[in-house]
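*Asks:* how does the following fold in three dimensions:
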Amino acid sequence: MSYTITSKFRLSLDKPLRLGIIGGGQLGKMIAQEAYRMGLSVVILDPTKDCPASKLADEHIVADFDNEDAIIELAKRSDILTYEIELANAFILSRLEREGYRVAPSSYTLNIIQDKLIQRKILKENNIPVPRFEEVNSRDTLLAALDKLGYPAILKARRGSYDGRGNFVIRDKNDIDTALYFIANKPSFLEEFVNYSKEVSIMVARNVSNSIATFPLVENIHRDSILYLTLAPAKVDEKIKEEAENIANKCMNILKGAGIFGIEMFVNDRILVNEIAPRPHNSGHYSIEACDISQFEMHIRAILDLPLHNPKLLTAAAMVNILGDLSHVKYVIEGIDHALTLPNVRIHIYGKKESKKGRKLGHITALADSVEEAASKAERARSMIRIVGA
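*Replies:* So this is what the prediction gives:
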């Protein structure tokens, strides 16, 4: 039998395709690791000279994430631009797109994601279930919004916040003055306080050809508004899993972005979309060991318009973050040798030079026959590790 192979994607090893990444944190590092495995070269832009991805990158442009000249220079040195942080300059990326540069996810997508109020409005307009919300910018609008949503309610900064930063809970009328100070310093919106039974998330990818692939739904447990533990798969019924996947697919068609997205959701008697991240996500790290394709390879496939397929969960897994507990200009990590005595435990250290309280310094993934066993093993491994000043 004879056949002909035609391909629109060609990879030159003499002149590798150059992937430009805005951001050189742990997500940039793990994207770069997959990029090199797939034969690409990497250029990063990050303001920190010794950021986690700097040891891997072929080139490192040291500049702020939104620096106009630096982003233009990154584009000139790259064949395609992506980002691992939402602080990238959407305006400049839009101009570069008009000039013919490839950006994925697109500046259109980033512009929506960067402003949480705009994100909420667009999702609501497209019949995606979200918590009730009201725009607030004065005492009168705040009081009117509280009359509608009731107490408690959450003020959320529209831009530049994550891991619970930029949120303020209004519990009663005694918090009004503090809330007004919050609004004066951060353009905000008010959101209803959702009493959810579980917080879940789903990684979903879309390529330029509009092929969509979804990872398994996972359950997330937070401490002090920072992700502590991810359980894969989430222990919810099939109806919830199906609904979450359908919502994720709709979100991808609305946002029209090529790449991988992390979609956080609240679960109670219904599903509500909390936030969307247009990049690899902390809750998707389990996929490196537990799935037949990681979120990082899926991101690269999606932005290069390569084939996508729904990932298969090979085993139950739990991922626990290694967070700094104190601030140390220099620190050492102890106990890795003890943690690795546990079977099917993998430890990822990001290489950040300074430890701060709540800062993500690494993560542990444990594999097991059940979610409960994986969670117990992951937490046991984490208990063996200490962050101490050097």
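
*Asks:* let's verify the residue nearest to A290 when sequence neighbours are not counted: helix, strand, or coil?
*Replies:* Spatial nearest neighbour of A290, excluding adjacent residues (CB to CB, 6 or more residues apart in numbering): A317 at 3.7 Å. Where you see a C-beta, it was placed from the backbone N, CA and C, and this is true even at glycine. Under DSSP: H, G, I helix; E, B strand; the rest coil, A317 falls in the strand class.

*Asks:* I'd assumed E219 was in contact with A317.
*Replies:* No. Shown here, A317 and E219 do not form a contact pair, counting by CB atoms under 8 Å, at 11.5 Å.

*Asks:* dihedrals phi and psi, I260?
*Replies:* The phi and psi values for I260, taken as degrees, to the nearest 10, are phi -100, psi 140.

*Asks:* now the protein, which segments are flagged as low pLDDT?
*Replies:* Within the chain, the stretches with pLDDT under 70 are 1-8, 13, 162-164.

*Asks:* try it again with 50
*Replies:* 1, 3, 5-6 (pLDDT under 50).

*Asks:* centre-most residue in it?
*Replies:* Nearest to the mean C-alpha position of the chain, by CA atoms, centre = their mean, lies H281 at 2.8 Å.

*Asks:* circling back to that earlier point, residues contacting the residue nearest to A290?
*Replies:* Shown in contact with A317 (CB atoms under 8 Å, 6 or more residues apart in numbering): L231, A232, Y286, E289, A290, T365, A366, L367, A368, V371, A374.

*Asks:* out of those residues, who's the most crowded?
*Replies:* Highest neighbour count within these, by other CB atoms under 10 Å: Y286, with 32 neighbours.

*Asks:* and the helices in the stretch 251-390 of the chain, which stretches?
*Replies:* In the stretch 251-390 of the chain, helices defined by DSSP state H, counting those that start in this stretch lie at 287-290, 295-303, 336-339, 371-383, listed in chain order.

*Asks:* circling back: what is in contact with A317 and E219 at once?
*Replies:* L231, A232.

*Asks:* Y36 is nearest to which of the helices of the stretch 251-390 of the chain?
*Replies:* Proximity to Y36, assessed across these by CB to CB, is greatest for helix 295-303 (10.5 Å).

*Asks:* in the closest one, what counts as buried?
*Replies:* Buried residues in helix 295-303, counting neighbours by 16 or more other CB atoms under 10 Å, are found at Q295, F296, E297, M298, H299, I300, R301, A302, I303.

*Asks:* likewise stretch 76-88?
*Replies:* For stretch 76-88, by 16+ other CB under 10 Å, it's S78, D79, I80, L81, T82, Y83, E84, I85, E86, L87, A88.

*Asks:* and of the residues you listed, the nearest to H60?
*Replies:* Using CB to CB, the buried residues of stretch 76-88 come closest to H60 at S78, 12.8 Å.

*Asks:* got the contact list for the closest one?
*Replies:* By CB under 8 Å, 6+ apart, the residues touching S78 are R18, L19, G20, V43.

*Asks:* mind listing which of these are in strands?
*Replies:* Counted as lying in strands by DSSP state E, out of those, are R18, L19, G20, V43.

*Asks:* partner residues bridging the last one?
*Replies:* The reference is to V43. G20, E59 (DSSP bridges).

*Asks:* could you say which helix or strand contains L227?
*Replies:* Using DSSP states H and E, L227 falls within strand 226-232.

*Asks:* pull the CA atoms of that strand into PDB?
*Replies:* Presented in PDB, the C-alpha positions along strand 226-232 are these (Å, rounded to 0.1, in the frame of the first residue of the first chain):
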ATOM      1  CA  ILE A 226      -3.700  29.900  48.300                       C
ATOM      2  CA  LEU A 227      -4.000  26.500  46.600                       C
ATOM      3  CA  TYR A 228      -2.700  23.800  49.000                       C
ATOM      4  CA  LEU A 229      -3.900  20.500  47.600                       C
ATOM      5  CA  THR A 230      -5.300  19.200  44.300                       C
ATOM      6  CA  LEU A 231      -7.100  15.900  44.100                       C
ATOM      7  CA  ALA A 232      -7.400  14.000  40.800                       C
END
